[in-house]
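> Quick check, what structure comes out for this input:
(one chain, ligands or ions: 1)
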Amino acid sequence: MLTGICPECDAAVRFSSIPDLGYRVMCPSCRSMLIITSSHPIVLDWAFVEPIDMSIPEDDRGGPIWSG
Ligand SMILES: [Zn+2]
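All right, here's what the predicted structure looks like:
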């Protein structure tokens with residue numbers, strides 16, 4: 001039996017085959033969107049919908065700060 005535990009409600013989420021890392025699944029109990037972070041054993045974590053922007057440009061905000 002391939003099962004993972006929902007981090008939200010501790011329900012067992014069943015799989016028919018070993019899921020791939022990064023595979024997303026919805027918890028049948030609490031409907032949280034989960035993601036596979038480990039496939040053996042199956043570990044589930046929350047999947048966040050917002051895309052993570054890995055290419056944030058750095059602002060050049062350097063310069064002297066004058067006081068007085
Ligand atoms: Zn759940």
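
> Contact partners for Ala11?
By CB atoms under 8 Å, 6 or more residues apart in numbering, the contact set of Ala11 is Ile5, Cys27, Pro28, Ser29, Cys30. From N, CA and C alone the C-beta is placed, and that goes for glycine too.

> buried stuff in stretch 42-50?
Ile42, Leu44, Ala47 (16 or more other CB atoms under 10 Å).

> Apart from its chain neighbours, what residue comes closest to the last one?
Spelled out, it's Ala47. Ile35 (3.7 Å; CB to CB, 6 or more residues apart in numbering).

> so what's the backbone phi/psi at the one you found?
Dihedral pair for Ile35: phi -130, psi 150, per degrees, to the nearest 10.

> filter the contacts of Ala11 to the buried ones?
Ile5, Cys27.

> do you know how far the spatially most central residue of the chain is from Gly22?
By CA atoms, centre = their mean, the mean C-alpha position of the chain lies nearest to Ala47, the distance being 3.4 Å. Distance check for Ala47 against Gly22: by CB to CB, to the nearest Å, it reads 9 Å.

> which residues are common contacts for those two?
Ile35.
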